[in-house]
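A.B. asks: pasted the sequence and its predicted model underneath.
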Amino acid sequence: MRRYMAVFTASALLWGCVSAPVTVAPPAPAEEKKEAASTSEPAGEPQFNVKLKKPSVEETTTKIKSERPKSLKEARERASEKLAAIEKKKEAGGVRKKAVTESAVLQKYQSLLDLPGTPEARKPEILLRLAELAYREEEGALKKSYEEGTEGGILPGDRYPRTIGYYRRLADNYPKSEQALTAMYNLGYLYSEEGEVVLSARYYGKVLELSPDTPYATEIHMRMGEAAFNLGQYKEAIVQYKAVLASKREEYRQKTLYKLGWSHYKLDDYQTAVGVFSQILDDNAPTAENLKVETLDIAGKCFLEWGGVEGVKKYLAGREAGKEYGDALFRKLGDLYMEASRHADAVSAYVACVEAYPLTPSALVMEQNIITAWLALQNAESANGRRQSWYDRYRKGTEWDAKNGEALGAERDKVLEKGIRLAAVYRHSRSQRGEGAVETAIEQYERYRELFGVATEDGYEMANSCAQAYKEAGKYRKSVDLYK
């Protein structure tokens, strides 16, 4: 409907039925300014507000019925006429939701193009100039619509219709002219902006076909790769991305590697994808840092489908750069296993990480995830055993504390307090059921007292429970001292 309204509005403009919206056009020549001044209406002309009679419901209904097609054949004919009119408008430069007033310069070039005596050899140059002028006006109108918040009414394909129309006449009708390559390149760009990826790739391909050594070859291959990727044509995308890498243009390298790896991932070629991603992960250049987080994410997904924990171990073995990101890769794999409710695999990934990178700052997060996974597997014994190991791994005075204590000391104390408290309560409860020695509970209580004393919210309760455990162990003197 919007397109039909645009056609109606454009026709009305031509016949003077409505006023054209104001647009910014280049300054007119002096002669035109003088002529415009002489024909302008005098200032202070009175304005009249004419109130039109609003039609009744019956009149509106009658009008609608009278305008309806009398048969299916007539309806088809009307539809064909409307479509033909739209196509004709597109060929001439298209229609917009907001009409763009042609500048005087553009009108002169258009007149020169339409002049019967204009040599064919001059027309490519004229069409190129017309396209440049149309682009300037359409870009200005588009910018204005964004500023006014009305861009939502501009349909896809209606941003640069006149510009595209001129470029297409140049590229299609004069393909051997020296201006044709410029037109084809710009068509590739404009169609990509309009979301027409197939047409974009078509004209970019023509540029490469006619001029393989063009300085824009790398950019064109990149754009064609993006178009193929967005269409799900991953094999074609791989061809184009490899062509970009072959140009050795450093500014394209990181992004191209990332999309190349993604393309292999989409084709379930996980091993090759990991090999491509490793070129980003192993790169110490500052430009590579921006993509490393995203690359680790997709690399983790590759190992989720291919190799698992053992695959990550083999991948990192002997890889010097892996020391910088190995812990993040293991953790990502563990997180993906958790999301997939593969809790046993998640435990394997997190434990492998902590064992390989015991000083990693993310150890506390993974330790808590290990507990969550064990509990999801209803294995409270393994969960508690893991908690008990935290005392030797992370308390003050350990290597982990020396590296991370200043930044993560408060978080570490919170995790340790809860972990050792739950470990002590668990062991004490089992011993009371005759399922273990009470001395194991006493050991955890004493660790808690050593690290936290009675300064915590549960400090006094833990001291009281410890006294009870000593009593159950027959160590009454120790029990009495604690009760005091």
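C.D. replies: Noted; the coordinates are in hand.
A.B. asks: next, name the residue at the spatial heart of the chain.
C.D. replies: With distances taken as Cα atoms, centre = their mean, residue 294 lies nearest the centre of the chain, 10.7 Å away.
A.B. asks: name the helix or strand for it, please.
C.D. replies: Applying DSSP states H and E as the criterion places residue 294 in helix 286-305.
A.B. asks: can you spell out which helices and strands pack onto that helix?
C.D. replies: Judged by 3 or more Cβ pairs under 8 Å, 6 or more residues apart in numbering; DSSP states H and E, helix 286-305 is in contact with helix 250-266, helix 270-281, helix 308-316, helix 322-339. C-beta coordinates here come from the backbone N, C-alpha and C atoms, glycine included.
A.B. asks: possible to save the ones you listed as CSV with distance to residue 229 and mean pLDDT?
C.D. replies: Listed next are the helices and strands packed on helix 286-305 as CSV, based on distance: least, Cβ to Cβ, whole Å; pLDDT from 0 to 100:
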stretch, distance to residue 229, mean pLDDT
helix 250-266, 6, 95
helix 270-281, 14, 95
helix 308-316, 25, 95
helix 322-339, 23, 94
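A.B. asks: nearest to residue 178, of those?
C.D. replies: helix 250-266 (27.7 Å; Cβ to Cβ).
A.B. asks: please identify which of the helices and strands packed on helix 286-305 is closest to residue 483.
C.D. replies: Of all these, helix 322-339 comes closest under Cβ to Cβ, at 43.5 Å.
A.B. asks: and that closest one, what does it pack onto?
C.D. replies: helix 286-305, helix 308-316, helix 343-356, helix 363-376.
A.B. asks: columns distance to residue 258 on top of the ones you listed, output as a markdown table?
C.D. replies: Formatted as a markdown table, these follow (distance: least, Cβ to Cβ, whole Å):
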| stretch | distance to residue 258 |
| --- | --- |
| helix 286-305 | 5 |
| helix 308-316 | 18 |
| helix 343-356 | 24 |
| helix 363-376 | 26 |
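A.B. asks: closest to residue 148 out of those?
C.D. replies: Minimum separation from residue 148 across those (Cβ to Cβ) falls at helix 286-305, 34.6 Å.
A.B. asks: buried stuff in the closest one?
C.D. replies: Neighbour-count burial for helix 286-305 flags 288, 291, 292, 295, 296, 298, 299, 300, 301, 302, 303, 304 (criterion: 16 or more other Cβ atoms under 10 Å).
A.B. asks: which one among the residues you listed gets closest to residue 222?
C.D. replies: Nearest to residue 222 among the buried residues of helix 286-305, with distances taken as Cβ to Cβ, is residue 291, at 15.3 Å.
A.B. asks: who's in contact with the closest one?
C.D. replies: By Cβ atoms under 8 Å, 6 or more residues apart in numbering, the residues touching residue 291 are 254, 255, 258, 280.
A.B. asks: relative to residue 105, how far out is residue 111?
C.D. replies: Distance, residue 111 to residue 105, by Cβ to Cβ, to the nearest Å: 11 Å.
A.B. asks: and the two? Which one has more around it.
C.D. replies: Taking neighbours as other Cβ atoms under 10 Å, residue 111 and residue 105 compare with residue 105 leading, 17 against 10.
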